[in-house]
Each structure stands twice: as structure tokens, then as C-alpha cells.
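>>> Provide a 3D model corresponding to the input given below.
(chains A, B, C and D)
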There are 2 protein chains.
Amino acid sequence: MRLTTKGRYAVTAMLDLALHTDKGPVSLADISARQGISLSYLEQLFARLRQCNLVQSVRGPGGGYRLSVSTAQISVAQVVDAVSESLDATRCEGKGNCHEGEVCLTHHLWENLSDQIHRFLSDISLADLVARGEIQAVKERQDSRLHTGVRPENHIIVSEIL
Amino acid sequence: MRLTTKGRYAVTAMLDLALHTDKGPVSLADISARQGISLSYLEQLFARLRQCNLVQSVRGPGGGYRLSVSTAQISVAQVVDAVSESLDATRCEGKGNCHEGEVCLTHHLWENLSDQIHRFLSDISLADLVARGEIQAVKERQDSRLHTGVRPENHIIVSEIL
DNA sequence: GCTATATCCGAGCATTTTACTCAACTATTA
DNA sequence: TAATAGTTGAGTAAAATGCTCGGATATAGC
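Down below sits the predicted model:
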């Protein structure tokens, strides 16, 4: 399990998707504009997320991505794992380069720690993140903007599709 | 806070150091031989660890590195932070590229998550890792080897220095 | 059917990071 | 004085990051 800016981008994008998914599919162009991530990079990330069955795509105009399952069922760990392809190549896979089993044990120990981190992030769902106070403030601001008829830039309202 | 193989190397090396530190300074050559990490790379890692005051160096023959403080006082987070130089450059540092404060909030949220991970790893000390069952088995094997007069390869006993 | 929208898909590419080598220098011990 | 071992810096191949560009495919609305 690796934790880099790549995973951060993925979590941010998925969070954006979670916030706007109730109004129909969200296009990558929207996420790109809102989150400042390049469209092509998002395409690559979402290709992985789709392969891991975290999101579903809707092609054509008004299309985009939606979550495959509810926000409560998607953990941060799943998102990070989806884009990091951690082969976790422990350099002592049965080979003889582990002197007296010592190296293997240290690696084992690290995997142990890695598992703990993984379990920790598995307990945090997108729903948990969305439920936070800061994000709620944004959501409400967006809702009120919808009520007054003002539409967010670069965001096509596709509620008529649903 | 980033979590890559670099941090993994650092934790592994520090763990090796923690296991052998009671017998005097541990040379990087020893760690290199035991853990299969190149000497030059270890030098770079320990330069950082020294700057962060996690280890102290002893120059000259029989020298090496020892922990600056006890294993209970060094957390995994400290070790990872020492080598990852996470500038954590949030791309919206007061600049105007955050549309309507929304991007900033998402970044804020990620930092929030990042803090949680950091706090989690801060609670795991080297002593905690050493106390694990698997590593205890290695320690005891090494201890018994010392009792029978057999010395680990590449490891100079410097107990007379202490 | 045509067009605009959007996902898909692959190639390529500049930059950074990783993990390492090599070389020289300094401090310390015996 | 010789051997050890940290210290420093330069360089480097390979990988990962974070994109661009070009095109293909699917679909909604006209």
C-alpha cells in the first residue's frame, strides 16, 4: 500500500464525485474544472477505478461517472489501492537472499505494519468524509445556489435524465 | 505525509538498528548486508535521520549509528517523515486558482485525512514493532548465538566500548 | 443520419523520484 | 600510520508522476 499524490488525486476526485453524484453522472471535465486536475490524468485514474468496480461510466452527452455502490461502501483504502497497483514486490520471495530468515522477518514485519495502515484506511468511507463539517458547508452552499437558479460553471444539470 | 518504499526502507533500517543497538553502534555496512539495502542509499537515508535527530553517529572504527532516544520514543511517523521531505505543496496556497473556495476545502479535507494517518503512525513506536512476536523470535535466536560464542557475520562486537 | 458530448484508449514526453555507483574527504581507533 | 566508518557531492539508470495529443467509440438530441 503506497500513499502518494496519485492516491490523493484519486480520493479528491472520488470525493467530488460523491458530492455531485445525486444529480446524475458527473463528467470528468467537471471534476477537472473544479479540482484542478488535468482531464487526461483523470481519465487514467478513472480507468483504474472502473476496473476495480468503484465507478460506472455513462457514455454520450450528459454522461459521466457515477459510483457503483453507495459512499458508505467505498473506503479510502479501496480508492488508493485502485490507482497505486501496489505489486508490493518483497525482494525476498522465496529466494535465498534472505540470510537466516532475518530479512524475511523484517519484511514480514513491515507488511504487518502495512496491513495496519490498510485496515485503518479501510475503516474510513467516502460517506465518513462527506459527513465532515467542512464539506457539509460546501454542499449546502451548492444546494442553495441550485434553489436560486444559479448554476455552477461547467456543470450541466442532468436531472431530467434521471 | 507520503508512504513509499523509501519510507519502508527507512523503517526497516531503523528497526534493524533498534534490534542491534544494545551492542554498541551499528555500522551501515552491517545494515546493508542484513537488509539488502545498498550502502550509499543507506547513507542518504541516515543523513536525513541524523538531521532529524533520530540517530547519532559515531565515527571511526567500531563506529556506526545509534538511536538518539529510546525505541519507545521513536514513532514510525517520525521515521517516514524524516526521509520523505513532504513539502505537501497544496496547489492552492492562498492563490486565486481555488474556484469559490471549493478546491481549498477539498484540500483541507485531504489534509484532515492525512493528519489522521499521521496520528495513527505516530502511535506506533519502534518499541511496539520490536515487541511483536515474530521479531522476538529473531532476537532470541541472536541472543542464543551470542551465548554460544558464535558471532553474526559482518558484525563487530563493540561491547568493550560501552 | 448528423452533430455534439463524453467515455475510452494508446502513444509519447517532460519532470521528478528512486535507488544506486563512484569518488573523495574527515574523524577516530588501534 | 593504517584501517575503519561516517560525510559529502556528483552523477545516473530506471521508474513513477502528471501531463499532452490524437483518435476511436458510444449515445443523446436535433
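>>> When you work out contacts or count neighbours from here on, use the C-alpha atoms and nothing else.
OK.
>>> Report the contact partners of the residue in chain A that DNA strand C sits nearest to.
Proximity of chain A to DNA strand C (Cα to the nearest atom of the strand) peaks at residue A:27, 3.0 Å away. Neighbouring residues of residue A:27 by Cα atoms under 8 Å, 6 or more residues apart in numbering or on different chains: A:62, A:63, A:64, A:65.
>>> Residue A:69: neighbouring residues, count only.
The local packing of residue A:69 (other Cα atoms under 10 Å in any protein chain shown) involves 12 other residues.
>>> helix/strand/coil for residue A:60?
What DSSP: H, G, I helix; E, B strand; the rest coil gives for residue A:60 is coil.
>>> and it, how many residues sit next to it?
7.
>>> now swap in residue A:40 and tell me
12.
>>> A helix includes it, no?
Yes. Secondary structure of residue A:40 (three-state DSSP): part of a helix.
>>> Give the phi and psi angles for the residue of chain A closest to DNA strand C, as a check.
The phi and psi values for residue A:27, taken as degrees, to the nearest 10, are phi -80, psi 150.
>>> how close does it sit to residue A:72?
Between residue A:27 and residue A:72 the computed distance is 22 Å (Cα to Cα, to the nearest Å).
>>> Kindly state the pLDDT recorded for the nearest residue to residue A:65 once chain neighbours are set aside?
Nearest residue to residue A:65 in three dimensions, chain neighbours excluded: residue A:57, at 4.5 Å (Cα to Cα, 6 or more residues apart in numbering or on different chains). On pLDDT, residue A:57 comes in at 95.
>>> Near residue A:57, how many residues? Count them for me, please.
17.
>>> Name every strand pairing with the helix or strand harbouring it and say which way it goes.
Taking DSSP states H and E as the definition, residue A:57 sits inside strand A:55-58. Applying DSSP bridges, strand A:55-58 is found paired with strand A:64-67 (antiparallel).
>>> contacts for the strand it pairs with?
Contacts of strand A:64-67 (Cα under 8 Å, 6+ apart): A:17-18, A:21, A:24-28, A:54-58.
>>> gap between residue A:84 and residue B:83?
20 Å.
>>> which residues touch the residue nearest to residue A:65?
Residue A:57 makes contact with A:25, A:50, A:63, A:64, A:65, A:66 under the criterion Cα under 8 Å, 6+ apart.
>>> Which pair of the residues you listed spans the longest distance?
A:50 and A:63 (14.7 Å; Cα to Cα).
>>> and chain A, which of its residues are near DNA strand C?
Applying Cα under 7 Å from any atom of the strand, one finds that chain A approaches DNA strand C through A:26-29, A:40, A:43, A:46-47, A:50, A:56-65, A:156.
>>> Whichever of those end up buried, select them in ChimeraX.
Those of the residues of chain A next to DNA strand C that count as buried under 16 or more other Cα atoms under 10 Å in any protein chain shown are selected in ChimeraX with:
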select /A:26,27,28,29,46,47,50,56,57,62,63,64,65,156
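>>> which of the residues of chain A next to DNA strand C come close to DNA strand D?
A:40, A:58, A:59, A:60, A:61, A:62.
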